[in-house]
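Student: pasting a predicted model and its sequence here:
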Amino acid sequence: MSQRCLVILGCSSQQHTRTRNHGAYLLLWKTEGFLFDPGEGTQRQFIFANVAPTSVTRIFISHFHGDHCLGLGSMLMRLNLDKVTHPVHCYYPASGQTYFERLRYGSIYHQQIEIIEHPIFAEGVAHEDEQFLIQARFLEHGVDNLAWRVIEKDQIKFDQKKLEQAGIFGPNVRLLKQKKELIIQGKKIKLEDVSWVRKGDVVSIAIDTLFCPALVKIADHAKLFLCESTYLESHKHLAEKHHHLTAKQAAKAALEAHVDTLVLTHFSARYQDLNEFFLEASVIFPKTIVAEDLKVIPF
């Protein structure tokens, strides 16, 4: 499995269908496994996807409607059963603390893993390390509901030819990266003389919302934008009633945000033919992918 891909573990909304599980999305990137909104049955979907549950390092809950969190307890128990040695970080709206605790402690088990809770009280930075910056922003869904923006840190890339010309080899390459400049054979070599900056990519996830400014902001110039599109435009009145998007609205958000690729998901069980979602969205935003259970989307 590529370590730079989005695995669709489920793409249904409130109801399972014969072919679609409750939503759940695994972003594998570098050394991290970001699991978003594990609905009911997520643990089993890992088996069908042929992905080890132990790859999960961080779990994100957008909000506490059942189809976005009922798989949380079983996922934590599975990671506990597998005795993962890395800590498992959990991010969720702080107003849902009671629901998080009910899910986490919903059955008897002897905890052997480290679970670190990160209740989100306000928009902004949810996590930052040397590899990633993760931001959270509230959407409009009638309850506290968070969208996520995973930003890869910029990377220094060396020009091998320039390194050789400057006489920089072996440990001195790392030393130059640390100190930003070195004296080699009496000549000062700056880091920018022999390297270039690769801008980090962005993946944005927005599940359950009305069309709003925050939706466009969270997706701004994302390489991959995973966005709910529960209804088709013919049922726009239902989308508005239940605080959801249509495929057309998701495409409009992707267009305004200048994203690279849009992935539609969270489909109402009323729809059997998901190609209709592609047809509706692609007129506005051609680079659209329709999620399917177990589909792997590299980026």
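Tutor: Thanks, I have it. Residues are numbered from 1 along each chain as shown.

Student: mind showing which ranges of the chain have poor pLDDT?
Tutor: By pLDDT under 70, the weakly predicted segments of the chain are 1-2.

Student: in it, what residue sits furthest out from the centroid?
Tutor: Ranking residues of the chain by C-alpha distance from their mean position (Cα atoms, centre = their mean) puts Gly186 at the top, at 48.0 Å.

Student: next up, the contacts around that one.
Tutor: With contact taken as Cβ atoms under 8 Å, 6 or more residues apart in numbering, Gly186 is in contact with no other residue. C-beta here means a position set from N, CA and C on the backbone, and glycine is covered the same way.

Student: go on, the one 4 residues further on?
Tutor: If you count contacts by Cβ under 8 Å, 6+ apart, Lys190 has them with Lys180, Glu181.

Student: repeat the analysis, applying 10 Å as the threshold.
Tutor: For Lys190, the contacting residues are Ala166, Leu176, Lys180, Glu181, Leu182, taking Cβ atoms under 10 Å, 6 or more residues apart in numbering as the criterion.

Student: with Ala219 instead?
Tutor: Residues near Ala219 by Cβ under 10 Å, 6+ apart: 147, 149, 202-206, 225-227, 250, 253-254, 256-259, 262.

Student: quick one on the thing from earlier: tell me the two of the contacts of Lys190 that are most distant?
Tutor: Ala166 and Lys180 (14.1 Å; Cβ to Cβ).

Student: looking only at neighbour counts, state which of these two leads.
Tutor: Comparing Ala166 with Lys180 by other Cβ atoms under 10 Å, the one with more neighbours is Ala166, at 19 against 9.

Student: and the helix or strand encompassing Thr98, what does it pack onto?
Tutor: Element membership of Thr98 [criterion: DSSP states H and E] is helix 97-104. Applying 3 or more Cβ pairs under 10 Å, 6 or more residues apart in numbering; DSSP states H and E, one finds that helix 97-104 contacts helix 72-81, strand 88-93, strand 115-120.

Student: enumerate the positions of it that are buried.
Tutor: In terms of neighbour count (16 or more other Cβ atoms under 10 Å), helix 97-104 has its buried residues at Tyr99, Phe100, Leu103, Arg104.

Student: just those now: which is nearest Glu123?
Tutor: Glu123 has its nearest neighbour among the buried residues of helix 97-104 in Phe100, at 18.8 Å by Cβ to Cβ.
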